[in-house]
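Undergrad: requesting a structural model of the entry that follows:
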Amino acid sequence: MNKFKKVIVEISRVLLGLTFTFSGFVKAVDPMGSAIKIGEYFTAFSINVPDILCTFLSIVLCIVEFMVGATALMGIFRKICSKITFAIMIFMTALTFYLAIANPVADCGCFGDAIKLTNWETFGKNIILFLASLIFLRHYKSVGRLFSFNSAWLPELIAFVGITIFTLGNILYLPAIDFRPFKIGRQFEAIVSIPEDKEPDQYEYVFIYQKDGHKKKFDINNLPDSTWKFVEREDQLVKKGYTPPVPDFAVFDEFDNDITPDIIEEGKNGKNNNHKGLILLVSPDLNKADDAKADVFGEIYDYSKKKEIAFYALTGSSKKSIKQWIDNTGADYPIFLSDATILKTIARANPSILFIKNGIITGKYSFRGLPDMDKTSAFIDKNLPQDTSSITKPFPWGRSVVLVGWAILLIFVCIRRFIRRINLSLKVNSNSSK
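TA: Next comes the predicted model:
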């Protein structure tokens, strides 16, 4: 029974550790996405908070979740780790139960955009984790420790510094891993609309008419005479077709005309079908946009005019804010209106640059890491490969070196400690046999 209990405790501890570590890591990949989700929670509960607070809470959440998971996996600070884990699971289980019942937000965002779960699926997951945390709390002394209390500070420090730098790097620049629809290498038209080679949903329309107090259904080829009174129309889905990941994408000019098809066509065929390409400057809110790179945007726009490449700015700001941006930066490129939430989905930084050629997203950059003009010209001038899936986003060398170096260091410390514990155990057993 003691061995069985220890196995159950270890499984619970590892399950919690892996879940918290993974959850914290994928949130750290896209902390701005977590900040948006936190803002949705506050809005659902009718609480107004500034964006900066949501961002701060997102950073804290990423770091805390990862550190709790890493601590559980290493079996250190067992008592306090078990209490924190149990407290978190009580809160999250109660919260997700409410979300499943009331459904104020579409999904909890527990795994960011990496894995989408319904509110009921999230609640079921949290029930399992809650039971695991209860077992961990009651039997934490049975958990095997990889480090002693005096030596546990080193792996904790390495884990904390690494996840903090990684989280902040993904806030300052675009996410190192893009889990959202507007990934580099994807077809822009297929993200926001139904391409010509895709079939839309097919519906059968049923018309309900009434006569002498009786209602009857008719199809479109068999409508009744004028003695019947029309009541309503029912749309019945006959065949499920293609549904774009972001069907609500729309762009409007300064006269509120819908120019979405023109934008899509520019990215797909270019002006006069010359396949030159499209450059989009994306800013959800110009009032909060950093204008330090305004001159660079101007250079890219001047280059696009020489090459006959379409260049547009998309923003969710008011017309007053657009005018103020133009006055402050001297921007002479066209600025159109779009939904701010969708623009945040396109690119997290405010503002960002998106390159599209032959309908394929070929580049995406934060204003803090804009490419030089040689790289900018390469996005438009180079020939795309036949297999567009080979187009990848620019490798974030700085963050990747930090991440890999941090992981290697943490794993090395853990393996070294594990080997040392095995050697000590073997030595103790050897002395006992003598």
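Undergrad: assumed Leu314 was part of a strand.
TA: Yes. Applying DSSP: H, G, I helix; E, B strand; the rest coil, one finds Leu314 inside a strand.
Undergrad: would you mind giving the domain segments of the protein?
TA: In terms of domains, the chain is parsed into 2-173+401-433, 201-239, 247-390 (source: automatic domain parsing).
Undergrad: nearest to Glu189, of those domains?
TA: Among these, the nearest to Glu189 by Cβ to Cβ is domain 247-390 (5.2 Å). C-beta here means a position set from N, CA and C on the backbone, and glycine is covered the same way.
Undergrad: how close does the residue nearest the centre of the chain get to Asp107?
TA: The centroid of the chain falls nearest to Asp113 when counting by Cα atoms, centre = their mean (3.7 Å). Distance from Asp113 to Asp107, counting by Cβ to Cβ, to the nearest Å: 10 Å.
Undergrad: go on, Leu281?
TA: Separation of Leu281 from Asp107 (Cβ to Cβ): 30 Å.
Undergrad: neighbour count for the two, which is higher?
TA: It is Leu281, of Leu281 and Asp107, that has more neighbours when counted by other Cβ atoms under 10 Å, with 22 against 18.
Undergrad: okay, now the unreliable bits of the stretch 301-434 of the chain?
TA: Residues of the stretch 301-434 of the chain that meet the criterion pLDDT under 70 lie in 371-410, 412-434.
Undergrad: where along it do the helices fall?
TA: All helices of the stretch 301-434 of the chain, identified by DSSP state H, counting those that start in this stretch, fall at 319-329, 340-346, 373-381, 397-433.
Undergrad: got JSON lines for the domains of the chain, with distance to Phe182 too?
TA: JSON lines is the format used below for the domains of the chain (distance: least, Cβ to Cβ, whole Å):
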{"stretch": "domain 2-173+401-433", "distance to Phe182": "11"}
{"stretch": "domain 201-239", "distance to Phe182": "23"}
{"stretch": "domain 247-390", "distance to Phe182": "5"}
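Undergrad: Val192 is nearest to which of these?
TA: With Cβ to Cβ, the closest approach to Val192 among the domains of the chain belongs to domain 247-390: 3.7 Å.
Undergrad: buried set for stretch 118-131?
TA: Neighbour-count burial for stretch 118-131 flags 119, 121-123, 125-126, 129-130 (criterion: 16 or more other Cβ atoms under 10 Å).
Undergrad: for the stretch 1-150 of the chain, which spans come out with low pLDDT?
TA: 1.
Undergrad: now the helices for it?
TA: For the stretch 1-150 of the chain, helices defined by DSSP H, counting those that start in this stretch occupy the ranges 2-29, 31-44, 51-74, 78-102, 119-138.
Undergrad: export those helices to a markdown table and tack on distance to Lys276?
TA: A markdown table is the format used below for the helices of the stretch 1-150 of the chain (distance: least, Cβ to Cβ, whole Å):
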| stretch | distance to Lys276 |
| --- | --- |
| helix 2-29 | 33 |
| helix 31-44 | 31 |
| helix 51-74 | 36 |
| helix 78-102 | 47 |
| helix 119-138 | 45 |
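Undergrad: among those helices, which is nearest Ile171?
TA: Of all the helices of the stretch 1-150 of the chain, helix 31-44 comes closest under Cβ to Cβ, at 5.2 Å.
Undergrad: so which bits of that closest one are buried?
TA: Neighbour-count burial for helix 31-44 flags 31-41 (criterion: 16+ other Cβ under 10 Å).
Undergrad: and that helix, what does it pack onto?
TA: Where contact means 3 or more Cβ pairs under 8 Å, 6 or more residues apart in numbering; DSSP states H and E, helix 31-44 is packed against helix 51-74, helix 153-172, helix 340-346.
Undergrad: distance from that helix to the middle of the chain?
TA: How far helix 31-44 lies from its chain's middle: 11 Å, per Cα atoms, centre = their mean, to the nearest Å.
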